[in-house]
Every structure is written in C-alpha cells, then in structure tokens.
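A.B. asks: okay, predicted coordinates and the sequence, questions at the end:
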Amino acid sequence: MMKIPAQYHLVWIAVMILCQGLMGCTASINKKNIQGERTYTKKMDIRAGGFRRSYRTHVPKGYSPETALPLVVVIHGAFSTAKEIEKETGFSLLADHEDFVVLYPNGMGIFGFLQHWNAGHCCGKAAADNIDDIGFVLAAIEDVCSLLNVDRSRIYMVGFSNGGMLTYRFAAEHSQMVAAVAPLAASIGGKPSPESTEWRIPSPELPLPIIIFHGMADDNVPYTGGSVKGKPKARQYVSVDESVGFWVKHNGCKTPSLVRDLYHGSVNQEIWNNCKNGSEVQLYTLKNWGHVWPGKHFTAELDVDNPIKDFDAAEIIWQFFETYRRGLSLD
C-alpha cells in the first residue's frame, strides 16, 4: 500500500470524507461483497478510441443473491455520462423502492468527456467510426448478469436523445432480449446532412412493448422531424409520428384504443394496446417541453401553477415495464 506523507494525512482524510459524503467515489463492483442501496462502477476489457469501456450499476436496497430481480438499462444522451443520467432520471432512487437493478453504460468519449453512441444515423465519431455500441451494451448486460442475480425475462431499456436512438436500434436488432423499451427525445432514423443517405432501424423479429416520450418544443430532435429550426443543412431526423408509426405497424396494432389529455392538457397520451402477442405502444407528447429529461430533477423546480410540476417519466416508465415479461404480459 502507498505510504502517505504525514503532512498530507489531514488532507487525505478530508478528501475521503468529502468523497463519501458526495457519493463521488463509487466503488468498483466485486461479486463477493455486493451491498444493496449502492451504485458501483466497472471497467471492461473492451476499448473504443483507445479507452476502456465502463458502466455504473445500482444495486437496490435489500438485494439478496437468492432473489432474481428485473434489470433496467438506462442509456445517457450525447455528451452526457452514466453518472449524470443516473442523477437526472432518478432511476436508482426508484429502484430502491421498487426492487430492480439498474445498469448505466458509458458511451464512447475521451477521458470520460463528450461521451456518445453509434445509433446508426447518429452521432459524431462513434457513428463515423462505426463503433460497436450494440455489442458493448450486450457485453455490459451479460457482465451485470454474471455479477448479480438478474431475471433475464425482465430486462428493460430506457434511453434519452442519442441514447434513445440507441435504444430504438437495440430494440430492433435484439427484440428477443428485452421485455419492453422506452426511448425519449429520440428518432428511429435520420441522416447527418440533407445530401446523405437516410438510415433507419431494421424491422424487429418480434413484437415489443414500447413507451415513447417527446416534447413538442424539442429543438434538438424536432417533433415533426427534419432539421433544427433555422439550420436546414444540419442533421435530419425522422419525425415522432413516423417513429411511432413504425412500431404500431410492426406490433400489428390497430387504431389507438385510448387518447386523452393529462396534466390539464399539457400532456397528450395515446395508447395502442390491441397489438400482436399482447404487445403495446404508448406515446406521451409533452406540449411545452424541450430537449430535457422529463423528470423530477427538472420538473420539481417548476412553478407551483405549472401543470407538469413533479412530472416523473421514470415512474411512468416503470409502471409500464413492470407489467411485461419477455414474450408475455404479467397481467
């Protein structure tokens, strides 16, 4: 063990106390000593851009190796991190109440910065270099399953922005692995520029329950598709209507069985639940919401008279997920 000079002892103790208090120093996961209500880190023997890939995983309160738990994979957006999306979504706090494991993979980046994903049509160097992010997420899931007792029939995936696009892609390419998915502020396809060839996710093998969220004021991934307003030569995206329509058609759904306004008209919900194999499609349209995770980390700060104050996408998503096991409904 490294010997710490005497003059640095107090500094070292202060740093350790601060580290533990802020939960900034996350322990590396070890199968022999896993405790609940704690987030661990793991570096894997997979590299991208010269750096080892990593993830965070949250073990819920009261975890026991004898009990298989659901796994929710949460994928951050471009230029974000696993740590940031854990804080912004609140999924770890929810996991402690609802008893599931959470996996937060880290995208490709440099020294932990500017992390992003190859979702096929987006984004950045990951897409340009055709980084195998699907393979990495698969490996991360397998790694967590080797360390914790995971119910493999109840693996779910959530993604925001570029992470939502990767979620769409993963769902299409590995529909047999996940029980349900939730892309937010994302698109099933697009192209880097108007002159480029459009890329879209392939047709999945199986029907899949899916719940989608998108803000109508989203300036990064426009609700109506195309490029960002005022930037006609920028990246192009497939619209929300087309993205939802893709899954409605694939799942063999008919017209919406339920359409309703929620939160005093600030949120519109559409449900297609007359679909193949008991699958379902849901769309939440947030009428005055931009390119921000729609959860309490942000909505709790809204004015008291704001209709969507305390809106929590994580809770809605989990309520949707917990009714599905891979291949069948739990109802």
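C.D. replies: Received, thanks.
A.B. asks: mind checking how far residue 101 is from residue 186?
C.D. replies: Counting by C-beta to C-beta, to the nearest Å, the gap from residue 101 to residue 186 is 23 Å. For the C-beta atoms, the positions are set from N, CA and C on the backbone; glycine is no exception.
A.B. asks: what does residue 59 give?
C.D. replies: Separation of residue 59 from residue 186 (C-beta to C-beta): 28 Å.
A.B. asks: more neighbours: the two, which one.
C.D. replies: Taking other C-beta atoms under 10 Å, residue 59 and residue 186 do not tie; residue 186 has more neighbours (30 against 23).
A.B. asks: so residue 207 touches residue 249, yeah?
C.D. replies: No: using C-beta atoms under 8 Å, residue 207 makes no contact with residue 249, being 10.8 Å away.
A.B. asks: could you show me where the helices are in the stretch 101-250 of the chain, in order?
C.D. replies: With DSSP state H, counting those that start in this stretch as the criterion, the stretch 101-250 of the chain has helices at 124-128, 133-147, 162-173, 240-250.
A.B. asks: show me what counts as buried in the shortest one.
C.D. replies: In terms of neighbour count (16 or more other C-beta atoms under 10 Å), helix 124-128 has its buried residues at 124, 126, 127.
A.B. asks: cool, and stretch 64-84?
C.D. replies: Result for stretch 64-84 [16+ other C-beta under 10 Å]: buried residues 68-84.
A.B. asks: quick check: bridge partners of residue 180?
C.D. replies: residue 156 (DSSP bridges).
A.B. asks: and residue 71, by the same measure?
C.D. replies: Counting by DSSP bridges, residue 71 forms beta bridges with residue 101, residue 155.
A.B. asks: just list whatever residues bridge to residue 41.
C.D. replies: With DSSP bridges as the rule, residue 41 is bridged to residue 28, residue 56.
A.B. asks: so what's it up against?
C.D. replies: Residues counted as contacts of residue 41 (C-beta atoms under 8 Å, 6 or more residues apart in numbering) are 26, 27, 28, 29, 54, 55, 56.
A.B. asks: so the last one is in contact with residue 43, correct?
C.D. replies: No: counting by C-beta under 8 Å, no contact exists between residue 56 and residue 43, whose distance comes to 11.0 Å.
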